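Participant: Quick one: sequence plus predicted model below, questions after.
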Amino acid sequence: MLVIPKTLVVNAAKDSTELVAKLRAFHNASQTIEAKRAFKWIGLDLENGKCRDNKDAGVLEPAMSKIKSLKFATEAAITILRIDDMIKIYQPSKEDPNSYANAVREGRL
């Protein structure tokens with residue numbers, strides 16, 4: 001789950017180790033310390049190279065976007081599985097009666 005924040009920080013030419021570690025510390029505190037529940041909204045401010053409260057900054061991710069992405073990924077996986085099943089269902093081709101292997105087996109050679 002840290003691949004995306006790390007990649008964004010590197011692309012912004014910032015110190016990825018420091019910023020991602022701070023982000024993880026904020027998120028860990030939000031999950032373990034009751035008084036710091038608001039830290040779950042902490043995100044990256046890549047223009048200034050620091051962590052900030054994204055909710056206060058107005059950066060929100062709509063749930064509809066996540067739901068549509070999840071539905072699309074599920075449909076894509078189902079389609080791939082159906083194609084795989086179709087490929088496995090093919091009828092094996094009959095051997096050529098005039099092939100070299102059949103001729104040797106039948107003593108014609």
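Facilitator: Now that the structure is in, tell me what you want to look at. Numbering: from 1, shown residues only.

Participant: Show me the shaky parts of this protein.
Facilitator: For the chain, the stretches with pLDDT under 70 are 84-93.

Participant: Now do the strands in it.
Facilitator: Here the chain has its strands, by DSSP state E, at 42-45, 50-53.

Participant: how about those strands, which one is nearest residue 97?
Facilitator: Nearest to residue 97, of all the strands of the chain, is strand 42-45, at 69.0 Å by C-beta to C-beta. The C-beta positions use only the backbone N, C-alpha and C, and glycine is treated the same way.

Participant: Each with direction, which strands does the closest one pair with?
Facilitator: When pairs are called by DSSP bridges, strand 42-45 turns out to pair with strand 50-53 (antiparallel).

Participant: Mind listing what's buried along the partner strand?
Facilitator: For strand 50-53, burial by neighbour count (16 or more other C-beta atoms under 10 Å) applies to residue 51.

Participant: Output that strand as CSV - backbone C-alpha positions only.
Facilitator: Taking C-alpha atoms only, strand 50-53 is exported to CSV below (Å, rounded to 0.1, in the frame of the first residue of the first chain):
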residue,chain,number,x,y,z
LYS,A,50,5.4,17.7,4.3
CYS,A,51,2.4,15.9,5.7
ARG,A,52,-0.9,17.8,6.1
ASP,A,53,-4.5,17.2,7.0
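
Participant: Distance to residue 24 for the strands of the chain - can I get that in JSON lines?
Facilitator: Below are those laid out as JSON lines (distance: least, C-beta to C-beta, whole Å):
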{"stretch": "strand 42-45", "distance to residue 24": "10"}
{"stretch": "strand 50-53", "distance to residue 24": "10"}
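
Participant: correct me, but residue 22 touches residue 52?
Facilitator: No - using C-beta atoms under 8 Å, residue 22 is not in contact with residue 52, being 10.7 Å away.
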